[in-house]
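Peer 1: Okay, structure incoming, though there's no sequence with it:
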């Protein structure tokens, strides 16, 4: 049995090494994904291109504008452009905010009458628009306080735990690790089994005394190892390149990943039983991955989803693994903190792997 | 002489279609048995049932003395199978392929090594051992497939159209190798539609529409029907059958 499994594993590794495309996929994919997602998915909103319409043109209004642009948040990209240009500027993405100061700004302000300052935002990116308006409000409040000397009733002193700079890379990289390991193991396992069926070697294997457990072990263990390799590349790259702090225990992360792999390998095995060709397997594996990623909380928080979808996310094993990876890496979470997720993952792993196993044994015999 | 293969009224239906219709035959140990028939006659289906790849619809059978329903695992240890498809790993070298199959049959490392040496000598594969299987010319690939299917020294070897697409010289050489195996006591169960190959067999059966319509020694059959050769015999038998079918 052991000899057979080792022979299958060795064969699988040879095949991966000989396939240049596969090698590229395995080693370059994590780095490219990390680079692209690490830099491109930046939910931090900074350097907002702003058009300023100052109809007051007083020293006070200029001071107000200066206050606005003092931080790194607002950048004046266009000073008093033609009024009608505002909409076009938004459409052409030249600016994503426009600040409008009315001509009675300083007059009313000095008389301590309420004055309206306009802020137009590009709502086509709802997320950054609401963050931008938050900044604007904060700056306006500070300006009021400073100019009017109002004693402050409540002062909020915020501190961001675990990610003091609120860097989205810190948050994205653990997510990418979870996504990578899901996709790689599900796709590669299902494709490798279906490929054997396509080229006829599976039939050749079935006339040998090979047992189903040996066959399954020989077809899944290599991809579990590749999954760990992939994860290690992504983690090292994240830590060395992006300087992401790793707060928790590496052993715990790898141990829980091992549990999670039963789910993804089981899914791969299942997909191989419903696919006739490698393309089909690839398609099913993609479908699974997209569903898993979108409902995992990778891009947007689960709490923001409609209630029905929130319930649906409980059926997604990646949801739990995502919490675990982020928890361990960012917060240094330990087993006690993660046990509900661990239990969910164990249950998913057992159900998915054994049912796929049964389905697979039924199909081959 | 004990029987290597016995089949009794073996039948396989796929829905309404009867691929193999109540065939019965026995093959003796060490015999070279030819399984002839046009494409779609049911040869492959019959062979797949004997190898344990397909479950028969009805009928009985034994392979190497083991029941095809109950002793599937024991059968697998004593047979070899070379399919009409080239079913080796194209991205592995010839050597790696052989090593892989040797390990799957749980042979000891030293045994695998010795047998690869010996087989590659006998089959003239030596210089190709470290080339990727998919880069070998077809004839050599078939020899490699043969080597892979006999590495564990099966008592019975099933060959499903082993020489498809190979030139006559290669085919003759291939059959010489098969004869050497038979001389050592291996029972060979070969399907083919090359009539010149059929003449190499000790006995042949001719299949048509899932049934065995004739069975016997090739020269006896030629005499019986007074035909110049097997090819003519085959054509006559099949066209008779088709005419009868048309008359009904």
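Peer 2: Received the coordinates, thanks. All of these numbers come straight from a predicted model, not from anything done at the bench. Residues are numbered from 1 along each chain as shown, chains lettered A, B, ... in the order given.
Peer 1: Show the low-confidence segments of chain B, by residue range.
Peer 2: Low-confidence segments of chain B (pLDDT under 70): B:1, B:246-248.
Peer 1: List the residues that contact residue B:49.
Peer 2: For residue B:49, the contacting residues are B:10, B:12, B:20, B:55, B:56, B:61, B:68, taking Cβ atoms under 8 Å, 6 or more residues apart in numbering or on different chains as the criterion. Where you see a C-beta, it was placed from the backbone N, CA and C, and this is true even at glycine.
Peer 1: Now do the phi/psi pair for it.
Peer 2: Note on residue B:49: backbone dihedrals following degrees, to the nearest 10 are phi -70, psi -40.
Peer 1: cool, and the one 10 residues further on?
Peer 2: Main-chain dihedrals, residue B:59, degrees, to the nearest 10: phi 100, psi 170.
Peer 1: tally of neighbours for it?
Peer 2: A count of nearby residues for residue B:59, using other Cβ atoms under 10 Å in any protein chain shown, gives 18.
Peer 1: Would you enumerate the residues in contact with it?
Peer 2: B:7, B:8, B:9, B:10, B:11, B:22, B:23.
Peer 1: Can you tell me the closest non-neighbouring residue to it?
Peer 2: Here the nearest residue to residue B:59 in space, its sequence neighbours aside, is residue B:10; by Cβ to Cβ, 6 or more residues apart in numbering or on different chains that works out to 3.7 Å.
Peer 1: can you check residue A:110 too?
Peer 2: Leaving aside its chain neighbours, residue A:110 sits nearest to residue A:60 (7.6 Å; criterion: Cβ to Cβ, 6+ apart).
Peer 1: likewise residue A:227?
Peer 2: The spatial neighbour of residue A:227 that comes closest, neighbours along the chain excluded (Cβ to Cβ, 6+ apart), is residue A:185 at 4.4 Å.
Peer 1: and that neighbour, that's in a helix?
Peer 2: Yes: the assignment for residue A:185 by DSSP: H, G, I helix; E, B strand; the rest coil puts it in a helix.
Peer 1: which residue is nearest the centroid of chain A?
Peer 2: Nearest residue to the geometric centre of chain A (Cα atoms, centre = their mean): residue A:298, 3.6 Å.
Peer 1: about what we covered before: residue A:221 is in contact with the residue nearest to residue A:227, correct?
Peer 2: No: using Cβ atoms under 8 Å, residue A:185 is not in contact with residue A:221; the gap is 11.0 Å.
Peer 1: In terms of neighbours, single out the busier of the two.
Peer 2: When residue A:185 and residue A:221 are compared on other Cβ under 10 Å, the one with more neighbours turns out to be residue A:185, at 27 against 17.
Peer 1: and that one, how far is that from residue A:222?
Peer 2: Distance, residue A:185 to residue A:222, using Cβ to Cβ, to the nearest Å: 10 Å.
Peer 1: likewise residue A:3?
Peer 2: Residue A:3 sits 16 Å away from residue A:222 when distances are taken as Cβ to Cβ.
Peer 1: So for these two, which sits in the more crowded spot?
Peer 2: Using other Cβ under 10 Å as the criterion, residue A:3 and residue A:222 rank with residue A:222 on top: 22 against 16.
Peer 1: Let me know the pLDDT of that one.
Peer 2: As summarised for this prediction, residue A:222 has a pLDDT of 95.
Peer 1: How far does the strand or helix carrying it sit from its chain's centre?
Peer 2: Here residue A:222, judged by DSSP states H and E, is contained in helix A:212-241. In this view, helix A:212-241 has its centroid 20 Å away from the chain centroid, taken as Cα atoms, centre = their mean, to the nearest Å.
Peer 1: No further queries at this time; thank you.
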